[in-house]
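> Provided below for reference: sequence and predicted model.
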Amino acid sequence: MNMKNFPQTIKKIQEGLKKKDFTASELANSYLEAIKEENEKIFAFLNITEDLALSQAKAVDESIAKGEDLPLLAGVPCAIKDNMLVEGVKCTSASRILENYVAPYDATVVKKLKDRKAVILGKTNMDEFAMGSSTENSAYGVTRNPRDLERVPGGSSGGSAAAVASGQAVFALGSDTGGSIRQPAFCCGIAGLKPTYGSVSRYGLMAYASSLDQIGPLANNVEDARIVFEAISGRDPLDSTSCELKPFLETQGKKFTVGVPKEYFIKGIDPEIEKIVKGKIEQYLALGHKIEEISLPHTEYALACYYIIATSEASANLARFDGIRYGYSSKEAKSLLEIYMQSRAEGFGAEVRRRVMLGTYVLSAGYYDAYYLRAQKVRALIKQDFDKAFEKVDAIFTPTSPSLAFKIGERTQDPLQMYLSDIFTVSVNLAGVPAISVPCGKIGDLPVGLQVIGKPFEEATLFAIAKDLEDQI
Ligand code: GLN
């Protein structure tokens, strides 16, 4: 927790700064102290950018002293997943292969945060190259779940989620290719948004699977997630997939129709989770909204489809790490081929190697049609399921994950078991639609998450619904 009980929401921080209740430097120092205290235990941060944070905070204080207008994020302490570039700061994607890589420029999202005078505290731990669901695939150590230190914080943005949930940052950025913002947000009991594909620039994000990756916010409440989303989204000429966004429609007082897909309440889901999620849906109904049962019939193929497409794209994206252009280079190698092979064998962890091999295999001659092309066709069907559902409903409710945050080590020996954590989140990336995970209850000390899926570019609806759900907790 930040030491001196400073406010922990963006708007309250702004009010406090304006009223001069505290300075941005005091706030930054308090968070930096909290990180130093907690990091040994939780290990949310790979790298603490103390000098950067303090100089940014000082600039905010100077601007207040001059009576200048403050952007909403001014002085707000935040954390960045270690696959996004912050100029002059080490950026490793939690991989050995990038152990000493220093970012030569700012990712667009980072630039936008800097323009709005946010204070960057450090870079957060993650699964290597964002491949994983538990943050155990980091080359630098495991992040622990602040709600239960024996358990994983989820992944791959586990460091970002743990930092926010334990009061070591007001918000954090994560990336989500198949669930990596929503699943850790649920494990740690906070809000996490995977925006519509194309709404946030990925310039300066280390690519995992380019047709699925999106950057989004993790925050302690829905309003903060919304403020951060508004700050980082929009067209960027440096990412040709990014779009100009229309202003949010007014949602105040609107009654929504929400679909509940029968394919998401199946055998294998923890019955306690099912009970809590269904209870929450009942409460939502009681607010005067409508609930309808819907069908997303191709859900059962989503996980297989995702792991073919994601690994194919990853094998292409990770080809650039060759021991020559970036990072780690094997000292033992005696020929060019050996440099490639040994640098990658020594620099990448086991899960990354597994995925590169899988992806290379499914793209190879003779298998391309059978796997990759077929998966692309299935992807189109999954997208159609959502298009059809959204003809009838404004949003969709599902559990975020079928099981609670699991024990450290519990799934590391069984990749399929690990991949099952993403069963309810991957379809959203395949369809390119937005989704937010919000806490909806607890089993013991462990949070349960509800996922709200929306129509493309209608994040406003998601925020409105998520806010209503949050207010009922
Ligand atoms: N857990 C999924 C995977 O391992 C999703 C990761 C992500 O969204 N980056 O691929």
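Sure, I can see it.
> Quick check: the gap between V356 and L318.
Applying C-beta to C-beta, to the nearest Å, one obtains 6 Å for the distance of V356 from L318. Any C-beta I mention is one placed from the backbone N, CA and C, and that applies to glycine too.
> State the next helix or strand along the chain beyond the one helix or strand in the chain whose mean pLDDT sits lowest.
Here the helix or strand of the chain ranked lowest by mean pLDDT, DSSP states H and E is helix 415-419, holding a mean of 86. For helix 415-419, the following helix or strand on the C-terminal side (DSSP states H and E) is helix 426-431.
> So that next one, near the ligand or not?
No. Judged by C-beta under 6 Å from any ligand atom, helix 426-431 stays clear of the ligand, getting no closer than 7.1 Å.
> would you put the C-alpha positions of that helix in CSV?
C-alpha atoms of helix 426-431 as CSV (Å, rounded to 0.1, in the frame of the first residue of the first chain):
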residue,chain,number,x,y,z
VAL,A,426,-9.6,-16.0,-26.5
SER,A,427,-12.8,-15.7,-28.6
VAL,A,428,-12.9,-12.0,-27.9
ASN,A,429,-9.5,-11.5,-29.5
LEU,A,430,-10.3,-13.8,-32.4
ALA,A,431,-13.4,-11.7,-33.1
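> Direction included, what does the very next helix or strand once past it pair against?
Tracing the chain C-terminally past helix 426-431 and defining elements by DSSP H and E, one meets strand 435-443 next. Partner strands for strand 435-443, per DSSP bridges, with pairing direction: strand 191-194 (antiparallel), strand 446-454 (antiparallel).
> Show residues contacting strand 435-443.
In this structure, residues lying in contact with strand 435-443 by C-beta atoms under 8 Å, 6 or more residues apart in numbering are 181-183, 185-186, 189-194, 222, 225, 270, 272-273, 276-277, 279-280, 400, 404, 425, 428, 447-454, 462-463, 466, 469-470, 473.
> In contact with the residue in the stretch 351-473 of the chain that the ligand sits nearest to, which residues are there?
Residue nearest to the ligand within the stretch 351-473 of the chain (C-beta to the nearest ligand atom): D422, separated by 4.6 Å. By C-beta under 8 Å, 6+ apart, the contact set of D422 is S133, G178, G179, Q183, L303, Y306, S401.
> Can you select the buried ones from the contacts of strand 435-443 in PyMOL?
Under the burial definition 16 or more other C-beta atoms under 10 Å, those of the contacts of strand 435-443 that qualify are selected in PyMOL by:
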select buried, resi 181+182+183+185+186+189+190+191+192+193+194+222+225+270+273+276+277+280+400+404+425+428+447+448+449+450+451+452+453+454+462+463+466+469
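> The residue most central in space within the chain and the ligand, how far apart?
Nearest to the mean C-alpha position of the chain, counting by C-alpha atoms, centre = their mean, stands I181 at 2.3 Å. Look at I181 and the ligand: by C-beta to the nearest ligand atom, to the nearest Å, they are 7 Å apart.
> I'd like to check which residues are in contact with that residue.
I181 makes contact with S157, S160, G174, S175, G192, L193, K194, G216, P217, L218, S437, according to C-beta under 8 Å, 6+ apart.
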